[in-house]
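>>> Whatever this is, show me its structure:
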Amino acid sequence: MSTTTLAKTPAGQAPAAAPPGGTRRRGERGRLGGALLHGGLALASLIALAPVAWLFFLSLGPDKDDYLHPGKILGKLTFSNYGFVLQHTAFFDWFKSTMIVALGTTLIGVFVAATTGYAVSRMRFPGYKQLMWVLLLTQAFPIAILIVPMYEIFSRFGLIDTYWALIVINCTTAVPYSAWLLKGYFDTIPFEIDEAGRVDGLSPFGTFARLILPLARPGLAVAAFYNFITAVGEVAFATTFMLDDSKYTFAVGLQSFVSEHDAQWNYMAATAVLIAVPVSVFFYLVQKNLVTGLTAGGTKG
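Sure, this is the predicted structure:
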């Protein structure tokens, strides 16, 4: 014995008819539209990956002038450049210095940006709007005009040739953007959550730390990634403030392959590929939250 379940419809209302053959529903792409979309995405991916692939290819050439004749590299591919960089340079000292500066910038920068963004999003104090615009205004000053006064300030406090100098200066670059990003993300979190925290007896900072931060994880991931890559790629201040060879970061270490009359492009290419490894690992750790964090923060002012 079999039973048949029939869908009930309101009285006086005819059941919805199926769309006629060949008719697309709203928002549904046709085959041509889907093919063009996927083709465009594939082309964009190739354009994005082409420089990375080309750099890796040049790193396999054993001679410093192979970049002038890339076709000849195919007949003499080798990983000897990577062996030279890892064994005969201060690569691991550069790696240690870069990770100290990058992780320090990430932790301190994200904390300062998160507290600033949360305060402006939730609290109304005199000058809270002007504060965000002042942070944005700091990004208008070129790095070149900041080096001399910052060097003078750091020298008075004995911070020249220390990691703290780079961490602080990188935070001044990364925090303003991160604060704007996180402020927009905190605006999307209902204010009722803060009120519930206060009803439960939490302090404002307890509400922020225990309720808001877990909900803001995607935004924090974007801010952390931005702070990290800012610190890894910074060159001007690292070159000026770091005097000890053992404290060079990756960006400064690359300059050791360039002399007044020559440049060892094969070693530079191999080093650049190795530098991309820690950045790629960090991206992999936060990539699940990046898309959500980049889009959600723009839904409210």
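>>> So for stretch 275-292, what gets flagged as buried?
Within stretch 275-292, the residues that qualify as buried by neighbour count (16 or more other CB atoms under 10 Å) are 275-276, 278-279, 282, 286, 289. All C-beta spots, glycine's among them, are computed from the backbone N, C-alpha and C.
>>> Over to stretch 204-224?
207-208, 211-212, 216, 218-224.
>>> residues in contact with the residue lying closest to residue 80 once chain neighbours are set aside?
Nearest residue to residue 80 in three dimensions, chain neighbours excluded: residue 62, at 5.8 Å (CB to CB, 6 or more residues apart in numbering). Applying CB atoms under 8 Å, 6 or more residues apart in numbering, we find residue 62 in contact with 76, 78, 80-81, 266.
>>> So residue 62, which state does it fall into?
Here residue 62 is recorded as coil under DSSP: H, G, I helix; E, B strand; the rest coil.
>>> Same question for residue 190.
coil.
>>> Please tell me how far it sits from residue 179.
Residue 190 is 21 Å from residue 179, where distance means CB to CB, to the nearest Å.
>>> So between the two, which is more surrounded?
residue 179 (25 against 9; other CB atoms under 10 Å).
>>> Surely that one touches residue 132?
Yes: counting by CB atoms under 8 Å, residue 132 is a contact partner of residue 179 at 7.1 Å.
>>> which residues do those two both contact?
Common neighbours of residue 179 and residue 132 (CB under 8 Å, 6+ apart) are residue 120.
>>> How about the contacts made by residue 164?
By CB under 8 Å, 6+ apart, the contact list for residue 164 is empty.
>>> Report pLDDT for it.
On pLDDT, residue 164 comes in at 93.
>>> what about it, helix or strand, and which?
According to DSSP states H and E, residue 164 maps onto helix 163-187.
>>> repeat for residue 223
Residue 223 belongs to helix 217-233, assigned by DSSP H and E.
>>> and that helix, what other elements does it pack with?
Counting by 3 or more CB pairs under 8 Å, 6 or more residues apart in numbering; DSSP states H and E, the packing neighbours recorded for helix 217-233 are helix 91-122, helix 163-187, helix 250-253, helix 265-296.
>>> quick one: low-confidence parts of the stretch 101-250 of the chain?
Applying pLDDT under 70 to the stretch 101-250 of the chain picks out no residues at all.
>>> Just the buried residues of the strand or helix carrying residue 53, please?
In the assignment (DSSP H and E), residue 53 maps to helix 31-59. For helix 31-59, the neighbour count (16+ other CB under 10 Å) marks 57-59 as buried.
>>> Need those in JSON lines (columns: pLDDT and distance to residue 270).
Converted to JSON lines, these look like this (pLDDT from 0 to 100; distance: CB to CB, whole Å):
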{"residue": "57", "pLDDT": "90", "distance to residue 270": "11"}
{"residue": "58", "pLDDT": "88", "distance to residue 270": "9"}
{"residue": "59", "pLDDT": "89", "distance to residue 270": "4"}
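>>> Would you enumerate the residues in contact with the nearest residue to residue 191 once chain neighbours are set aside?
Distance criterion CB to CB, 6+ apart; nearest residue to residue 191, sequence neighbours excluded, is residue 122 at 7.2 Å. By CB under 8 Å, 6+ apart, residue 122 lies in contact with 186, 191, 194.
>>> so which of those comes closest to residue 166?
Lowest distance from residue 166 to the contacts of residue 122 (CB to CB) belongs to residue 186, with 28.4 Å.
>>> thought that closest one was touching residue 119?
No: with contact defined as CB under 8 Å, residue 186 does not reach residue 119; the gap is 9.4 Å.
>>> between those two, who's got more neighbours?
residue 186 (25 against 18).
>>> Run a quick neighbour tally on the residue nearest to the more buried one when sequence neighbours are not counted.
Leaving aside its sequence neighbours, residue 186 sits nearest to residue 121 (CB to CB, 6+ apart; 3.9 Å). Residue 121 has 22 neighbours, counted by other CB under 10 Å.
>>> quick one on the thing from earlier: and the angle from the helix holding residue 223 to helix 163-187?
Counting by axes from the mean of the first three to the mean of the last three CA atoms, to 10 degrees, helix 217-233 points 150 degrees away from the direction of helix 163-187.
>>> got the angle for helix 217-233 vs helix 265-296?
Using the same axes, to 10 degrees: helix 217-233 against helix 265-296 is 160 degrees.
>>> how many other residues sit next to residue 148?
Residue 148, neighbours per other CB under 10 Å, totals 10.
>>> Equivalent analysis for the one 4 residues further on, please.
Counted with other CB under 10 Å, the burial measure for residue 152 works out to 9 neighbours.
>>> which SSE is it in?
Assigning secondary structure by DSSP H and E places residue 152 in helix 144-156.
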